[in-house]
Structures are given as structure tokens and as C-alpha cells.
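> predicted model, plus sequence, below.
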Amino acid sequence: MAQVPSLDWLDPARDPALFTLVVLAVALLAVTVVFSVYAVVLRIRNDRREQRRTALAARWQDALLTALADSEKTPDLHRLVDPNRQLHFVGFVLQFARRVRGEETGLLRDIVRPFLGSVVARLDSDRVEVRARAVQTLGTLGLPDHERRVIEALADPSPLVAMVAARALAKEGDPQYAEFILAKIQRFTVWNRPYLASMLAAMGPEISAGLRRGLADPGLGAWARSVLAEALHIQRDFVAGDVAAGVVATTDQRTAEERDLLVSALRLLAEVGRPEHVPVVRARLETHDVAVRAQALRALGRLGGQADLPLLVEALDDAFAWSALYAARGVRDAGGRDFLVEAAKSSDRRGRLAAQVLAEEGAR
């Protein structure tokens, strides 16, 4: 008869360290098995969910297209939507809404209107992602019927939900929505400034007056005002020159946000300013902040004239490369092209800058 192998080596009293390693190995194996089984279950569940969605989409698609072509067929489509599938149906229509504009968006909004109550209820969810999805859906398919709830979402505790609401309202391009977004602009400091500026600018010139009012308001905060300055720059709002000059003249440089505001205001002033704004630009040439000085030189080149050539020529030797380049372009724009032609004959730094700026003329 075969002998049963002895398990004395597993005796914890005999070798505690080995016993501990064996227990840990068994435990890790058990955890691995549990997670593997869980992953398989999740995969099966997701596959089944996707199959259901595909089947529902196949059921609704032809009827939806028919309803878009003939609104009298909308009740036939509604009869295909089971009460427990209303959220799925709204999500299905949302995919269409993201690919269309104008009249078709209005038709899709009419089609889903009876089912949006289930979406509104999700605005009170404790989960951020559920509220964000609900706001996105209502912002796309529920305006103007549910505009109050989308506007209220600008004050949601989650910055993500608030930003989704702002983007949804901005896409509508309605000036009245811009007022609500601007009132909450301080909430979005965690977001990218160029992105916010582009979002606001895309709402059109109808909101430019509101952007100018915000830029002129010191109580709004430097960060928010810099966003508005960038939006006005994108819009090339030529009425904003006086406001931008006022910001340049009165803003301190004690904080990084104030410095960013100055940079944005100078960039705006270079685009929409007038010769009478030159004195406030000259005053900023004395700063030790390289970014502010660079934008001041850019604005001076755009707005100045022959009297400013000495300042611009002196700045060709600026240690900051961008300042020197803006100064060289300023020399050209202020009427100093002959100086650049002569300087380009040299191989020193001024000569290289002059040659680069002259070469840009041929590229335009």
C-alpha cells in the first residue's frame, strides 16, 4: 500500500515562515480566481447589455427616421418604446442629435419630449456622472423646456456638472444664457482658459457687450477677466479697445492671475486698439515680466508709429527671444522697414531677427 506523504512540513510550529508563505500563496490564488470570475461575469453582463441595446436600436431606427421625415408618424414610434426603456430611447436619440443641427434638432426634441421626465429625475442623483449625463441630455434635447434645470446645474457642487451645463447652454448661442454663464464664470477656474474663451466667443457677437462689461469689472477677479479678454480677442471685438486699455492702465502685477490678465488685455489691445492707446502700452515696457513686456512690444508695434521706433529698436536686444521678435515686427509695422533691410546685412542677432521678419513678408 502506498504511503500518504507527510504534511509535517506544514506544521506552523515547525517552520512558521514557510507556513506563512504557503498561506499567502493560497490567499493570493483565491483572490485571483475570484477576480477572474468577476471579470468573466462583467464581460457576460456587458455583452448582454450591448446585445439588448443593439436590438432596441434596430427596433427604433427605421421608425425614428420615418418620424423625422413625417411628424405624423411620431405616435407610431412612441408605441415602440416600453415604459421601462424610456431612458434607453432618449440615449438612442441623443446619439442622433450629436450629428445633426438646426431644424432636425428641433424635430428630435419634439420626439423625446414625453420621455424627458425620467432624465429630469436623475438630476437629483448622488452620483456626479449620472447628474452630468442628465444635464448633457437636457442641454441637447430638453431646451428650452428644461432650461431652468440646466441653468440651476451651473451651481451644482461638482465642477464637472457645472461645466457640462455651461457648455450645453453655450452651444445654444442664446445671449440670455450667456448672462447666466458669466455670472458663474468664477466656478470654472480649474478648466483651461483658452477652452472657456473659445466656448464664450462661439456664442457670437450678441454677447460681446456682456464680455466687455465683465472685463471692465475689477470685482470679477483677474482670472475670469482674462478669460473674457481672450474671448473678445477671438471675436476681434473692435469696441473693446477702450476697455482693454483701461485694464492695461490699472492692473497691478502682484499675482500670477493679474499678470495673465495683463497679457490677455495687451494681446486684445494689439488686435483692436487705436493709436490713442499707445501711452498705456509704453508704460508697460518698463516691466521686468518678460511675458507682459513681450505683449506690450507687440501692441506697440501694431499701434505705434515713427515716434516709437527708438523704443522698438532698443528692444531688439531684449534678452527674451519673443520680446526681441515682437520688437522686430514692430519696427517693420511702425514704418522702419528700411532699418530692417540694412540690419539684415549683418550676421549678428539683430541681423538674424531682421532677416526673419523680412522673410515673413514673403510668406504672407
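That came through fine.

> from now on I want contacts and neighbour counts done on CA atoms only, so please keep to that.
OK.

> list the helices and strands the longest helix anywhere in the chain packs on?
The residue-count maximum for a helix in the chain (DSSP state H) belongs to helix 16-69. Contact analysis of helix 16-69 by 3 or more Cα pairs under 8 Å, 6 or more residues apart in numbering; DSSP states H and E lists helix 74-78, helix 103-112 as its packing neighbours.

> would CSV of these with mean pLDDT, mean neighbour count and distance to residue 121 be doable?
Below are the helices and strands packed on helix 16-69 laid out as CSV (pLDDT from 0 to 100; neighbours: other Cα atoms under 10 Å; distance: least, Cα to Cα, whole Å):
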stretch, mean pLDDT, mean neighbour count, distance to residue 121
helix 74-78, 93, 16, 20
helix 103-112, 91, 18, 15
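
> adding distance to residue 299, write those out as JSON lines.
What follows is these, written out as JSON lines (distance: least, Cα to Cα, whole Å):
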{"stretch": "helix 74-78", "distance to residue 299": "58"}
{"stretch": "helix 103-112", "distance to residue 299": "43"}
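
> and of those, who's closest to residue 272?
For those, the distance to residue 272 is smallest for helix 103-112, at 36.0 Å, taking Cα to Cα.

> which secondary structure elements does that closest one contact?
Other elements packing on helix 103-112 under the criterion 3+ Cα pairs under 8 Å, 6+ apart are helix 16-69, helix 86-97, helix 128-141.

> at 10 Å instead, please
Helices and strands in packing contact with helix 103-112 are listed as helix 16-69, helix 74-78, helix 86-97, helix 128-141; criterion 3 or more Cα pairs under 10 Å, 6 or more residues apart in numbering; DSSP states H and E.

> got the angle between that helix and helix 16-69?
Computed with axes from the mean of the first three to the mean of the last three Cα atoms, to 10 degrees, the direction of helix 103-112 lies at 110 degrees from that of helix 16-69.

> pLDDT weak spots in the chain?
Low-confidence segments of the chain, defined by pLDDT under 70, are located at 1-15, 19, 47, 49-52, 54-56, 362-364.

> centre-most residue in it?
Centrality entry for the chain: nearest residue to the mean C-alpha point is residue 195, 3.3 Å, by Cα atoms, centre = their mean.

> export the helix or strand where it lies as PDB, just CAs?
Element membership for residue 195, per DSSP states H and E: helix 193-201. Only the C-alpha atoms of helix 193-201 are listed here, as PDB (Å, rounded to 0.1, in the frame of the first residue of the first chain):
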ATOM      1  CA  ARG A 193      -8.700  79.300 -20.200                       C
ATOM      2  CA  PRO A 194      -8.400  79.100 -24.000                       C
ATOM      3  CA  TYR A 195     -11.200  76.400 -24.000                       C
ATOM      4  CA  LEU A 196     -13.500  78.600 -22.000                       C
ATOM      5  CA  ALA A 197     -12.700  81.700 -24.100                       C
ATOM      6  CA  SER A 198     -13.400  79.800 -27.300                       C
ATOM      7  CA  MET A 199     -16.700  78.500 -25.800                       C
ATOM      8  CA  LEU A 200     -17.800  82.000 -25.000                       C
ATOM      9  CA  ALA A 201     -16.600  83.600 -28.200                       C
END
